[in-house]
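> pasting the sequence and the predicted coordinates here, then a few questions.
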Amino acid sequence: MENQKSVIKVEKISKTYGAGESAVMAVKEASFEIFKGETVALLGPSGSGKTTLITMIGCITEPTGGKLFLDGKIIYDNGWKIHDTRQLRREKIGFIFQSHNLIPFLNVEENVTLVPIMNGLSDEIAKNKAKELLDYLGVGDKLHVKPSQLSGGQSQRVAIARSLANNPKIILADEPTAALDGERALSVMQLLKKLAKEQDVAIVVVTHDDRMIPLFDKIIRVNDGYITKE
Amino acid sequence: MINLAQRDIAHSLGKFLTTATGVGMLLGVVLIMIGVYRGLVDDASILLKDTRADLWIVQQDTLGPFAESSRIHEDIKHQIKLFKGVKDVSAVTFQSLQLYRNATPIRVFAIGYDIGSFYTPHLLAEGRSIIASHFEIVVDAKTGFKLGEHITIGRDIFTVVGITRDAVSSSGDFMVYFSLPDAQKIQFLSSNEQIRNDRARGGAQEATTSTANAIIATLHDGFDPKEVAQEIERWKHIKVFTQSEQLDILTKNLVERSSKQIGLFTLILLLVASVIISLIIYTMTMGKIKEIAILKLIGAPNATIIKMIVQQSVWLGILAFIAGNIFSHGVVDLFPKRTILITSDALALLVIVICVSIAGSLFGVKSALKVDPASAIGG
């Protein structure tokens, strides 16, 4: 891994909410690197700062200190935003949520093609890509179905397809198996692991499920805003 | 590009159409109010337009016969006709009457005219105009009387020989037409008891029916109505108005305040509709906060989100406008007074509705832009 190019690099990244006496430091000078094809688990108790950390990596929450590099480019530098983070998210990051969070008024195909089309891909190419991904994930027959007609497992597979549709450098998953039973949760995690290797995409997963730990290349433990073990 | 607004509308089409219908009914009321205003103004001028006169000769120092009462000797018409440029004249009388049909009172505005003159009820739709000097009447269709029906007025019985459509007075009463002698008799002839009473009081006057409320005249081509009017006024102790001056008196003196009242009410109604549209769009946007957060999280530009909200808002406005038109055209005939729905008013309302929809969506847009994409994470 050391010879590989890092997808995410954080250096003494911090996040403080509020100011003065009521200020709360959610993440305290965290530093780590994540490489291509790597699967990383972000573990820690509730309120430890995992979500803040993943939202900073996902260029959603602005750090108040430290540096964040994405795909070799500096994004935040000691509180300064260097790039258009919305565009970065669209082009380089895929998201998977605890409850699939598909757009309810779009069908499966539209949910998957939305981001690639916003990135300038033609409708036809985006549809072909979506079909390919959905077939690969075993939900290719649900192209024109609305999310409300899918089962939990099918929805999460569609969400995975959506996260991959823009050829991201990194996929951030917030408890993607929380709404699934044990067998399906394991199946989804194995699928993510397989995708990371095949698509050469880094995957960071926030999870509470210790059973999944053996599936990850790296574990980052967060406690009270500090990274306690990497 | 996927049209998010279209997809969202299609997803909850029933709810969207119901909302649009509700707003549409409100817009329909706005259209009807504009129609009532149009009807009021148009009603005020129907009688004038129907006469097709160029000049109105009335009692001196009055604004008669509509704004003020006017009495004038009928025989003046013969002198008026001799003026250079005058083509034809007719003495006319106007009065409000109450007729009865199957014991139901019907308020009408009666016009008496010289049957041999240029004047004839131009709004005649069925039957014929009056040709006999007595006991024939032309009525408007909305009075309910039919051709050949008999109407008793005082001691006389009249036969309906013609039916007009949309003939109403400036106050909206249906018009009926009599020959001049019949109308004069109804208006000016005193009853026997009244004549006896007047004699007993020592002030008895000869009962005369040779009075009219006005003389109307047409001019030969090429004559300026104002110049002829001045010439008549110079020689006779009377007041002469051109058709356009008479129209001004009617619209300014009689319907201006009513018009302002209706105009103000329409404006308030439009404001209420605007507030409601804004609230609906705001509520619709708030109902999509989660989806907006997801869109922002996956990198949708603000322009995409704004477009979705504004498009939905404009579509709501357009659908409401269509519903409003259907509603207003469906109920317009139920109104007792004439309500005129015209395309230009509807198009003006459409422009206003689109502007209001866009303005109303701005509150929703403002809230949508404040949504934190991080709120899509977890739960």
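Good, I have the coordinates.
> residues contacting A:Thr228?
Residues in contact with A:Thr228, defined by Cβ atoms under 8 Å, 6 or more residues apart in numbering or on different chains, are A:Arg221, A:Val222. For glycine as for every other residue, the C-beta is placed from the backbone atoms N, C-alpha and C.
> assumed it was part of a strand.
Yes - remark: A:Thr228 belongs to a strand, assigned using DSSP: H, G, I helix; E, B strand; the rest coil.
> ok, it to chain B distance?
The spacing between A:Thr228 and chain B, counted by Cβ to the nearest Cβ, to the nearest Å, is 22 Å.
> so what pLDDT did that residue get?
Reported pLDDT at A:Thr228 in the predicted model: 82.
> repeat that for B:Thr208.
60.
> before we move on, what about A:Met1?
Reported pLDDT at A:Met1 in the predicted model: 49.
> one more: the one 3 residues further on?
A:Gln4 carries a pLDDT score of 65 in this model.
> could you measure from the nearest residue to B:Gln59 once chain neighbours are set aside over to chain A?
Excluding its sequence neighbours, the residue lying closest to B:Gln59 (Cβ to Cβ, 6 or more residues apart in numbering or on different chains) is B:Ser70, at 4.0 Å. Taken as Cβ to the nearest Cβ, the spacing of B:Ser70 relative to chain A amounts to 69 Å.
> ok, now B:Asn3?
Distance, B:Asn3 to chain A, using Cβ to the nearest Cβ: 10 Å.
> quick revisit: residues contacting the residue nearest to B:Gln59?
The neighbourhood of B:Ser70, defined by Cβ under 8 Å, 6+ apart, consists of B:Val58, B:Gln59, B:Thr62, B:Gly64, B:Asn213, B:Ala214.
> run a quick neighbour tally on the last one.
Look at B:Ala214: counted by other Cβ atoms under 10 Å in any protein chain shown, it has 29 neighbours.
> what does chain B put close to chain A?
B:1-2, B:4, B:7-8, B:10-12, B:290-291, B:294-302, B:304, B:373-374, B:376-379 (Cβ under 8 Å from any Cβ of the partner chain).
> longest helix in chain A, by residue count?
Scanning chain A for the helix with the most residues, using DSSP state H, yields helix A:182-199.
> give me the residue at the spatial middle of the chain.
As the question left the chain open, I've gone with chain A. Most central residue of chain A, judged by C-alpha distance to the mean C-alpha position with Cα atoms, centre = their mean, is A:Leu172 at 0.9 Å.
> that was the other one, I meant chain B.
Closest residue to the average C-alpha location of chain B: B:Gly39 at 0.9 Å, with Cα atoms, centre = their mean.
> tell me which helix or strand it sits in.
The secondary structure element spanning B:Gly39 is helix B:13-51 (assigned by DSSP states H and E).
> do the same with A:Phe95
Counting by DSSP H and E, the secondary-structure element that holds A:Phe95 is strand A:93-96.
> before we move on, back to that, list the buried residues of the helix holding B:Gly39.
Taking 16 or more other Cβ atoms under 10 Å in any protein chain shown as the basis for neighbour counts, the residues of helix B:13-51 that come out buried are B:16, B:19-21, B:23-48, B:50-51.
> before we move on, the earlier item: drop anything exposed from the residues of chain B next to chain A.
Among these, those buried by neighbour count (16+ other Cβ under 10 Å) are B:2, B:4, B:7-8, B:11, B:290-291, B:294-300, B:304, B:373-374, B:376-378.
> list the residues that contact the residue of the stretch 1-150 of chain B found nearest chain A.
When scored by Cβ to the nearest Cβ, the stretch 1-150 of chain B has B:His11 as its residue closest to chain A, at 3.5 Å. Listed by Cβ under 8 Å, 6+ apart, the contact set of B:His11 reads A:Pro104, A:Phe105, A:Lys146.
> please, which helix or strand holds the residue of chain A found nearest chain B?
Closest residue of chain A to chain B, Cβ to the nearest Cβ: A:Arg90 (2.6 Å). With elements taken from DSSP H and E, the one containing A:Arg90 is helix A:85-92.
> export that helix as PDB, just CAs?
Below are the C-alpha coordinates for helix A:85-92, written out as PDB (Å, rounded to 0.1, in the frame of the first residue of the first chain):
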ATOM      1  CA  THR A  85     -16.600  20.600  -3.000                       C
ATOM      2  CA  ARG A  86     -20.000  20.000  -4.700                       C
ATOM      3  CA  GLN A  87     -18.300  19.300  -8.000                       C
ATOM      4  CA  LEU A  88     -15.700  17.100  -6.200                       C
ATOM      5  CA  ARG A  89     -18.500  15.100  -4.600                       C
ATOM      6  CA  ARG A  90     -20.200  14.700  -8.000                       C
ATOM      7  CA  GLU A  91     -17.000  13.600  -9.800                       C
ATOM      8  CA  LYS A  92     -14.900  11.700  -7.300                       C
END
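> how about the helices in the stretch 251-379 of chain B?
If DSSP state H, counting those that start in this stretch is used as the criterion, the helices of the stretch 251-379 of chain B fall at B:256-286, B:289-297, B:302-331, B:343-370.
> ah, wrong one, I meant the stretch 51-200 of chain B
In the stretch 51-200 of chain B, the segments counted as helices under DSSP H, counting those that start in this stretch are B:76-80, B:180-188, B:192-200.
> state the mean pLDDT of the last one.
Helix B:192-200 shows a mean pLDDT of 76 in the predicted model.
> for that helix, list the C-alpha coordinates in PDB.
Once side chains and other backbone atoms are set aside, the C-alpha atoms of helix B:192-200 remain, and they are given as PDB (Å, rounded to 0.1, in the frame of the first residue of the first chain):
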ATOM      1  CA  ASN B 192    -107.900  59.600 -13.000                       C
ATOM      2  CA  GLU B 193    -107.600  59.800  -9.200                       C
ATOM      3  CA  GLN B 194    -104.400  61.700  -9.500                       C
ATOM      4  CA  ILE B 195    -105.900  64.200 -12.000                       C
ATOM      5  CA  ARG B 196    -108.900  64.700  -9.600                       C
ATOM      6  CA  ASN B 197    -106.600  65.200  -6.600                       C
ATOM      7  CA  ASP B 198    -104.500  67.800  -8.600                       C
ATOM      8  CA  ARG B 199    -107.700  69.600  -9.600                       C
ATOM      9  CA  ALA B 200    -108.900  69.700  -6.000                       C
END
